[in-house]
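**Student:** Any chance you can model this:
(2 chains)
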Amino acid sequence: MSHVLPPAEGINLPGLLLVFAVLLPILGLIAMLGLRALHPERVARVVAPLGLLLACAILAEVWEGRSAIDYTLGGWAPPLGLKLRADGVSAVMLVLAALVIGAAALFSQHQFRTPPDAPGDTRAPFAFWSMLMAMWSALNLVFVGEDLFNFFVALELLTFSAVTLVCLDGRATTLHAALRYLLFALLGSVLYLLGVGLIYGRYGVLDLALLSELAQPGPITLAAVAMMTVGLMAKASLFPLHLWLPPAHAGAPPAASAVLSALVVKAPFFLILRLWFELLPAPYSPLAGQLLAALGAAAILMCSVVALGQSRLKLMIAYSTVAQIGYLFLVFTLTAGPAPFAGLGWTGGVLQLLSHALAKASMFLAAGLIAEDMGHDRIADFSGLARRQPLAIFAFGLAGLSLMGLPPSGGFVAKLMLLSAAAASGQWWIAAVILAGGVLAAGYVFRVIGAAMKDRDGEAAQPAATLPATGRHALVLALALLALALGFVPLQPLALFAIGRGELAQGQP
Amino acid sequence: MTHSLVSAATLLGLCACGMVGIGLYGLIVRPDALRKLLSFNILGSGVFLLFGVIGRRGAAAGLEGDPVPQAIVITGIVVAFSATALAATLLVKISDAENALPDAGREEDEA
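**Tutor:** Sure thing, here's the model as predicted:
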């Protein structure tokens, strides 16, 4: 057992960055808990930029070194200890999380401000800020983890903080939504834990890197991965386990909805990706991949149609989230194609994740601005909105480009890559679904914009009463522009996403 | 080593399977949130029992009792307890909110 002895090398500085990525939000949380005189929103104002800096440093380090960063906690190597690891995709996810959470924190500075003279209701602001920090730490832990049980703990932390954010306003409707979310998530986590138990019973290790060497195709491994996948599907709200998502995401405060839709449902997907491409001995059964892709396709078609019929803006955006998550699950059959196109499918999937996260965060925040101004979010009553809130509607439209997959946007590049991978591997039904999903997305985005462009009766002659643009409008627009900027990445498998991924590095330019 | 028909570990493993089955059934079929929560706890206990069996069989190092599954069960119990507490709090809050405003949130009860 000589390999479990602590290594005798010096301090691993890049590795420590990973530790700080997980610890920094927790430190923020402790500061919020311990020093109530420091208002939590001020702590968040300090922690958010630091976290972004940290995430960018990790990304730069991975990019410079062209290899994954490893950190062995306490010097105890894996079979006994835990390892943290950031490869290309993890580093990008860390930056994405920091960006979206930073935007949510800036956006909510006013809404969740602690009342200046203490006796006011400080419970809601405190709950919002502390849960945001807890969620950030859990997300980072999912992105840099390597140990299957560690993932379970991170996912639970994520769920608990997310459920609290959903029912922050304490109305019966949102409490019901939160409870339903919690029950779905608990079913998911217990199935995941069952899978972890089977894996441990079979191989005696829980570290993903070790497992990828040991794993044999066999009934136990397949059953375990199947259960873990279904459990994570419930947490990622893949059709038909998506029923909890629309009420939960529509009832949360805007900044919380943005984080939930952009990041929280992506973390379990990220884990499924790791399980399938690292744990499962390659090549996995094409039938299983096609089953996941078929569920994804059903999500795209069904939930886009349901989104078209929604009368409330936030519910419509939430259904659109379920539809867009469907695209992510197409990856599992697209990476089975011939070599260069497998890499294309992989890159397209990751890009879809990134562009949807940015676009959806922008949309939910824009919906927050609109609801704050109008006092409601009924799409039918949006007439005159484009005059009052031109920037919010503009940002909503730009983000919509990404969802539809129109150029130039991140969604366009992602969907084009998925489309090429589908065509190259001869899976025409997927290509058809991707195209139909784009048309349906155009339908629901233009419905909102069309309603907002209408003038209120007899108001056309009056000068436009445009509300002054605020920093929050700039923030929403910046997120939408970031999603747009992703459209300028080259149309080929990105080397960044292949760093530290061994076999998936196939199809390098 | 006993030479009885089934070893204790196998028997407990079958019990664990039964509990997982009962819990899963209740969680999916029962419409009532409190019963769902109790079913989740039965399901969770089944999984923890399974971890005990795995530890007993000494998967990792051929030990008499593998400590890793025990550590996992302890953490798992803490997590399941927190989840139950959170869900119970939500249930209490829901009944409070509905008693205060009998008609609020009625339409969301279904589905």
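**Student:** All the strands of chain B, residue numbers only.
**Tutor:** Counting by DSSP state E, chain B forms no strands at all.
**Student:** From chain A, how far out is the spatially most central residue of it?
**Tutor:** Centroid-nearest residue in chain B: B:Gly44, 1.7 Å away (criterion: CA atoms, centre = their mean). Distance, B:Gly44 to chain A, by CB to the nearest CB, to the nearest Å: 5 Å. The way it works is simple: take the backbone N, C-alpha and C, and place the C-beta from them, glycine included.
**Student:** On the pLDDT front, check the closest residue to that residue other than its chain neighbours for me.
**Tutor:** Among residues not flanking B:Gly44 along the chain, B:Ala80 sits closest, at 4.5 Å (CB to CB, 6 or more residues apart in numbering or on different chains). We have a pLDDT of 92 for B:Ala80.
**Student:** Same check on A:Glu459?
**Tutor:** Looking at A:Glu459, its pLDDT is 55.
**Student:** these two touch, right, the residue nearest to the centre of chain B and B:Phe81?
**Tutor:** No - judged on CB atoms under 8 Å, B:Gly44 makes no contact with B:Phe81 at a distance of 9.5 Å.
**Student:** Stretch A:237-248 and chain B in contact?
**Tutor:** Yes - contact of stretch A:237-248 with chain B (CB under 8 Å from any CB of the partner chain) involves A:243, A:247.
**Student:** For that stretch, what is the distance to the chain centroid?
**Tutor:** Taking CA atoms, centre = their mean, to the nearest Å, the mean C-alpha location of stretch A:237-248 is offset from the chain mean by 15 Å.
**Student:** tally of neighbours for A:Leu301?
**Tutor:** A count of nearby residues for A:Leu301, using other CB atoms under 10 Å in any protein chain shown, gives 18.
**Student:** Past whichever strand or helix holds it, which element shows up next along the chain?
**Tutor:** Here A:Leu301 sits within helix A:286-308, counting by DSSP states H and E. As assigned by DSSP H and E, the chain's next helix or strand after helix A:286-308 is helix A:313-329.
**Student:** how far is that following helix from where the chain is centred?
**Tutor:** The answer for helix A:313-329 is 12 Å, by CA atoms, centre = their mean.
**Student:** any idea which residue sits dead centre in chain A?
**Tutor:** Centre-most residue of chain A, counting by CA atoms, centre = their mean: A:Leu263, 2.5 Å.
**Student:** mind checking pLDDT for that one?
**Tutor:** On the pLDDT scale, A:Leu263 is placed at 92.
**Student:** Surely it is in contact with A:Ile101?
**Tutor:** Yes - between A:Leu263 and A:Ile101 a contact is recorded at 7.4 Å, counting by CB under 8 Å.
**Student:** Quick check: neighbours shared by these two?
**Tutor:** A:135, A:139 (CB atoms under 8 Å, 6 or more residues apart in numbering or on different chains).
**Student:** Which strands or helices does the helix or strand containing A:Val142 pack on?
**Tutor:** In the assignment (DSSP H and E), A:Val142 maps to helix A:123-144. Helix A:123-144 sits against helix A:13-34, helix A:40-65, strand A:83-86, helix A:88-107, helix A:148-166, helix A:254-259, helix A:266-274, with contacts defined as 3 or more CB pairs under 8 Å, 6 or more residues apart in numbering or on different chains; DSSP states H and E.
**Student:** got these as a markdown table, with mean neighbour count, mean pLDDT and distance to A:Ser304 columns?
**Tutor:** Output for the helices and strands packed on helix A:123-144, formatted as a markdown table (neighbours: other CB atoms under 10 Å in any protein chain shown; pLDDT from 0 to 100; distance: least, CB to CB, whole Å):
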| stretch | mean neighbour count | mean pLDDT | distance to A:Ser304 |
| --- | --- | --- | --- |
| helix A:13-34 | 19 | 87 | 34 |
| helix A:40-65 | 19 | 87 | 32 |
| strand A:83-86 | 24 | 87 | 34 |
| helix A:88-107 | 26 | 91 | 23 |
| helix A:148-166 | 24 | 92 | 23 |
| helix A:254-259 | 28 | 90 | 19 |
| helix A:266-274 | 24 | 91 | 18 |
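**Student:** Can you tell me which of those is nearest to A:Val350?
**Tutor:** Ranking these by proximity to A:Val350 (CB to CB) places helix A:88-107 first, at 5.9 Å.
**Student:** Could you tell me how far the closest one lies from the centre of the chain?
**Tutor:** Going by CA atoms, centre = their mean, where helix A:88-107 is centred and where its chain is centred differ by 9 Å.
**Student:** tell me what that helix is packed against?
**Tutor:** Using 3+ CB pairs under 8 Å, 6+ apart, helix A:88-107 is in contact with helix A:40-65, helix A:123-144, helix A:254-259, helix A:266-274, helix A:339-374, helix A:471-485, helix A:495-498.
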